[in-house]
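S.K.: Need a 3D model of the following:
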Amino acid sequence: MRRSRKVKILATLGPSSFEEGMIARLYDAGADVFRINMSHTDHAGMRELVTRIRNVERRKQRPIGILADLQGPKLRVGTFKDKAVSLHVGQEFTLDADPAPGDETRVHLPHPEILEAVKPGHRLLIDDGRLQLEALKNDGSAILCRVIAGNQISDRKGVSLPDTELPLGALTEKDRRDLDAVLATGVDWIALSFIQRPQDLAEVRKVARGRASLMAKIEKPQAVQRLAEILELSDALMVARGDLGVEMPLEAVPGIQKQITRACRRAGKPVVVATQMLESMISAPVPTRAEVSDVAAAVFEGADAVMLSAESAAGQYPVEAVAMMNAIATQVERDPTYKDIIDAQRTPPESTGADAISLAARQIAETLNLSAIVTYTSSGTTGLRAARERPHVPIVTLSPVVETARRLSLVWGTHCVVSEDATDLDDMVDRACRIAFEEKFAKPGDRVIITAGVPLRTPGATNLLRIAYIGSDGLRGL
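M.R.: Take a look at the predicted model:
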């Protein structure tokens with residue numbers, strides 16, 4: 001199946017989309033990659049979802065990516081005698097190490113790392129910011145706070161700490177168990193939650209050992225401040241706007257989204273824009289106009305993928321949500337201003353052979369009005385560099401490695417095909433022409449440009465450009 005758009009759609013699976021038939025319908029509606037949220041999925045359910053996605057992949061004969069999203073550290077307050085208490089702005093309230101049920105003056109905070117790290121002046125946001133506290137003093141076992149916004153707190157509500165860097169990694173014991181389980185199933189991407197520092201990625205990379213690509217979710221101020229370092233150690237980033245909007249001023253989130261998107265484009269690494277993109281479609285068959293504009297803005301910005309969360313996982317209209325996102329993205333990419341905006345954000349290539357070849361391929365393809373850029377890649381690097389250029393023509397990525405094709409299914413503009421590796425240069429050109437023809441990217445008489453590395457099967461050695469005609473039989477013309 002050939003998509004008529006370049007941006008990719010990432011759909012979360014859940015109670016509304018657990019069945020294999022529904023997964024197939026979501027794929028047909030436009031989903032390119034499926035997300036499994038380990039916050040709500042046990043190991044048996046995760047394995048069943050992976051099996052069902054792979055069954056759909058075999059039926060559709062197209063590589064489909066799978067992203068497993070680790071929960072990360074969940075920080076919560078304890079319980080109350082009466083389940084909930086009412087507070088008022090200006091009153092003092094204590095978070096402490098005492099496990100006794102809470103009241104109007106205090107509650108248990110079962111996280112010694114928070115009690116150790118919070119300093120006077122730091123904010124503590126409870127229940128996604130509905131209650132906001134400011135620390136007045138902290139003796140290591142109790143944090144005395146003042147209520148600065150909100151009026152209620154109840155059992156087990158989440159705690160966010162926008163001003164505090166916690167002395168703990170992004171992986172909890174649950175995450176370690178989940179990581180081993182998802183790697184054993186052969187998922188393609190691992191998303192890491194609540195990243196604070198580059199070191200948070202190093203631990204996961206040691207465990208993964210190249211078996212999956214790593215995506216850092218940017219949802220904390222500390223991660224925004226160290227974005228360049230985190231990007232360098234990541235394979236992709238996700239703009240996780242939900243938690244980002246809790247821990248940072250809401251009005252700052254759109255600008256941060258643009259910063260992250262452009263940083264990823266410069267680095268040639270995928271970026272996913274996520275959270276509440278079509279939120280109203282959880283319970284309504286159509287989105288709001290503002291949500292349509294939100295999705296469109298991410299597409300105009302050149303994001304690699306846009307993501308559906310509860311809309312496809314637990315909503316009443318999962319297929320309609322994917323179809324709507326597909327329709328919005330397709331329409332944006334047909335807009336006469338789209339190419340100008342994408343081109344204006346293009347950055348100079350890095351001083352490498354692969355970038356020079358990718359730049360030349362785009363320029364030649366657009367100057368000569370070629371039908372497609374066909375790239376050969378084993379590791380995926382050639383496809384990533386081609387996508388970094390954001391060419392106007394399609395990118396057909398050929399790889400003998402199915403895992404590479406699945407990972408590239410998240411990347412802007414790439415149409416991934418699993419193909420046996422070429423035996424020599426002539427076979428490479430013939431194979432590229434035939435696949436471009438079979439996949440309906442070119443017809444007899446058209447021309448394509450081919451990029452590859454010589455010697456063949458040498459990872460990262462992109463050094464070849466070749467223009468070829470499509471013959472009447474779909475093979476290389478003379």
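S.K.: would you list every one of the strands in the stretch 1-150 of the chain?
M.R.: 8-13, 33-37, 65-69, 84-86, 92-96, 106-108, 123-126, 131-138, 142-149 (DSSP state E, counting those that start in this stretch).
S.K.: which one of the ones you listed lies closest to Leu278?
M.R.: Of all these, the one in closest proximity to Leu278, counting by CB to CB, is strand 8-13 (10.9 Å). C-betas here are computed from N, CA, C, even on glycine.
S.K.: That closest one pairs with which strands, parallel or anti?
M.R.: strand 33-37 (parallel), strand 305-308 (parallel) (DSSP bridges).
S.K.: helix or strand right after the shortest one?
M.R.: So that's strand 305-308. helix 310-313 (DSSP states H and E).
S.K.: what mean pLDDT does that next one have?
M.R.: Taken as a whole, helix 310-313 has a mean pLDDT of 97.
S.K.: and what of stretch 234-246?
M.R.: On average, stretch 234-246 scores 95.
S.K.: Kindly report the same for stretch 382-399.
M.R.: On average, stretch 382-399 scores 95.
S.K.: Pull out the buried residues from that stretch.
M.R.: Buried residues in stretch 382-399, counted by 16 or more other CB atoms under 10 Å: 382-391, 393-399.
S.K.: and if you look at stretch 150-157?
M.R.: Going by neighbour count (16+ other CB under 10 Å), the buried part of stretch 150-157 is 150, 153-154, 157.
S.K.: between the residues you listed, which is closest to Ala356?
M.R.: Taking those together and measuring to Ala356 by CB to CB, the closest member is Lys157, at 53.4 Å.
S.K.: wait, isn't the closest one in contact with Leu75?
M.R.: No: counting by CB atoms under 8 Å, Lys157 stays clear of Leu75, with 10.0 Å between them.
S.K.: For the residue nearest to His108 when sequence neighbours are not counted, give its distance to Asp155.
M.R.: Distances taken as CB to CB, 6 or more residues apart in numbering put Gly78 closest to His108, at 3.1 Å, once the chain neighbours are dropped. Gly78 sits 8 Å away from Asp155, going by CB to CB, to the nearest Å.
S.K.: likewise Gly65?
M.R.: 38 Å.
S.K.: Surely Ser399 and Ser378 touch.
M.R.: Yes: between Ser399 and Ser378 there is a contact under CB under 8 Å: 6.3 Å.
S.K.: Could you tell me the model confidence score at Leu461?
M.R.: You called it Leu, but residue 461 is Ala. 69.
S.K.: How about the one 4 residues further on?
M.R.: Leu465 carries a pLDDT score of 93 in this model.
S.K.: That one reaches Ile449, doesn't it?
M.R.: Yes: with contact defined as CB under 8 Å, Leu465 reaches Ile449; the gap is 6.4 Å.
S.K.: list residues touching both of those two?
M.R.: Listed as contacting both Leu465 and Ile449 by CB atoms under 8 Å, 6 or more residues apart in numbering are 361, 364.
S.K.: Compare the two (neighbour count), which wins?
M.R.: Between Leu465 and Ile449, counting by other CB atoms under 10 Å, Ile449 is the more crowded of the two (24 against 16).
S.K.: quick one: the more buried one and Val374 touch, right?
M.R.: Yes: if you go by CB under 8 Å, Ile449 and Val374 touch, sitting 7.2 Å apart.
S.K.: And the helix or strand encompassing Arg385, what does it pack against?
M.R.: Arg385 belongs to helix 381-388 when assigned by DSSP H and E. With contacts defined as 3 or more CB pairs under 8 Å, 6 or more residues apart in numbering; DSSP states H and E, helix 381-388 has these neighbours: helix 353-367, strand 372-376, strand 395-399, helix 402-408, strand 414-418, strand 447-453, strand 462-469.
S.K.: avg pLDDT for the first one?
M.R.: Same thing as helix 353-367. On average, helix 353-367 scores 94.
S.K.: And Pro15, how far from Gln316?
M.R.: 11 Å.
S.K.: Equivalent analysis for Asp98, please.
M.R.: 43 Å.
S.K.: Equivalent analysis for Ile148, please.
M.R.: For Ile148, the distance to Gln316 - CB to CB - is 37 Å.
S.K.: Equivalent analysis for Gly453, please.
M.R.: In terms of CB to CB, Gly453 sits 49 Å off from Gln316.
S.K.: check contacts around Ala11.
M.R.: Contacts of Ala11 (CB under 8 Å, 6+ apart): 17, 26, 31, 33-35, 307-308, 312, 318, 322.
S.K.: Of those, which pair is most distant in space?
M.R.: Taking CB to CB, no two of the contacts of Ala11 sit farther apart than Val33 and Pro318, at 15.0 Å.
S.K.: re the thing from before, distance to Ala212 and neighbour count for the contacts of Ala11 - can I get that in TSV?
M.R.: Putting the contacts of Ala11 into TSV (distance: CB to CB, whole Å; neighbours: other CB atoms under 10 Å) gives the following:
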residue	distance to Ala212	neighbour count
Ser17	22	26
Leu26	22	24
Ala31	19	31
Val33	13	25
Phe34	14	28
Arg35	13	27
Met307	18	27
Leu308	21	30
Ser312	22	32
Pro318	25	29
Val322	24	26
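S.K.: so which of those residues would you say is closest to Arg176?
M.R.: Out of the contacts of Ala11, the member with the shortest distance to Arg176 (by CB to CB) is Arg35, at 20.0 Å.
S.K.: So that closest one is in contact with Ile9, correct?
M.R.: No: if you go by CB under 8 Å, Arg35 and Ile9 don't touch, sitting 10.7 Å apart.
S.K.: List the residues that are in contact with both of these two.
M.R.: Jointly contacting Arg35 and Ile9 under the rule CB under 8 Å, 6+ apart are Met307.
S.K.: residue ranges with poor pLDDT in the chain?
M.R.: Applying pLDDT under 70 to the chain picks out residues 457-461, 474-478.
S.K.: how close does the most centrally placed residue in it get to Ala356?
M.R.: Geometric centre of the chain, nearest residue: Val272, 3.7 Å, by CA atoms, centre = their mean. In this view, Val272 and Ala356 are 28 Å apart by CB to CB.
S.K.: Likewise for Leu75?
M.R.: Leu75 is 47 Å from Ala356, by CB to CB.
S.K.: swap in His415?
M.R.: From His415 to Ala356 the distance is 23 Å (CB to CB).
S.K.: Check Asp446 too.
M.R.: Distance from Asp446 to Ala356, by CB to CB: 25 Å.
S.K.: For Arg431, the count of nearby residues, please.
M.R.: If we define neighbours as other CB under 10 Å, then Arg431 has 22 of them.
S.K.: Where does it sit: helix, strand or coil?
M.R.: helix (DSSP: H, G, I helix; E, B strand; the rest coil).
S.K.: For the residue nearest to it when sequence neighbours are not counted, the count of nearby residues, please.
M.R.: Setting aside the residues directly before and after it, Arg431 is nearest to Ala422 in space (CB to CB, 6+ apart), at 5.5 Å. Other residues within reach of Ala422 by the criterion other CB under 10 Å amount to 19.
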